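Student: Have a look at this prediction, sequence included:
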Amino acid sequence: GGKAADLEGYFVLPTIIEATADMSIAQEEVFGPVMVIMPFDDEDQAVAIANGTDFGLVAGVFGENLNQTLRVANRLIAGQVFINEWFAGGIETPFGGVGLSGFGREKGQEAIYSYVQTRNI
């Protein structure tokens, strides 16, 4: 990975990068076939790493202990958090980020709120 694809335009082959939290790749929102792997010592450090960015579009928690994965998922600051799967959900589930990852929601009933303004008469 990490090499330009043999195509016109700006494409990169699928790439896996081992990084630390202070590296720019860990602080950016990359849209491409890139996986950043960051080692951690315990649950608290993993949550701190995940929440230690200005972006929060999507997060994923993978594990065998459902209680632990739910506990971690509830601590993550992201518009969507998946547990033991990736990009699940249909058109009825809201999609959108927090922080610099976006404003408002697409899909679901929550998307309507982007087009209306509540008034009290």
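Tutor: Yep, it's here.
Student: ok, now how distant is Glu92 from Lys107?
Tutor: 7 Å (CB to CB, to the nearest Å). All C-beta atoms are positioned from the backbone trio N, CA, C, and that covers glycine.
Student: which of the two has more neighbours?
Tutor: Lys107 (14 against 8; other CB atoms under 10 Å).
Student: can you pull up the bridge partners for the closest residue to that one other than its chain neighbours?
Tutor: Distances taken as CB to CB, 6 or more residues apart in numbering put Phe95 closest to Lys107, at 4.9 Å, once the chain neighbours are dropped. Applying DSSP bridges to Phe95 yields these beta-bridge partners: Glu106.
Student: Tell me who's in contact with Phe95.
Tutor: Gly79, Gln80, Gly89, Arg105, Glu106, Lys107, Gly108 (CB atoms under 8 Å, 6 or more residues apart in numbering).
Student: Can you pull the phi/psi pair for the residue nearest in space to the middle of the chain?
Tutor: Nearest residue to the geometric centre of the chain (CA atoms, centre = their mean): Val58, 2.1 Å. Backbone geometry at Val58, expressed as degrees, to the nearest 10, gives phi -140, psi 150.
Student: So Gln45: helix, strand or coil?
Tutor: Here Gln45 takes the helix state, with states given by DSSP: H, G, I helix; E, B strand; the rest coil.
Student: gap between it and Tyr113?
Tutor: 36 Å.
Student: so where do the strands sit in the protein?
Tutor: For the chain, the strands defined by DSSP state E cover 15-18, 34-37, 55-56, 58-61, 80-83, 98-99.
Student: Residue ranges in the chain under the pLDDT threshold?
Tutor: Applying pLDDT under 70 to the chain picks out residues 1-2.
Student: domain assignment for it?
Tutor: Following automatic domain parsing, one finds the domains of the chain at 1-39, 56-114.
Student: Between the ones you listed, which one is closest to Ile49.
Tutor: domain 1-39 (5.3 Å; CB to CB).
Student: Pull out the buried residues from the closest one.
Tutor: Ala26, Val34, Met38 (16 or more other CB atoms under 10 Å).
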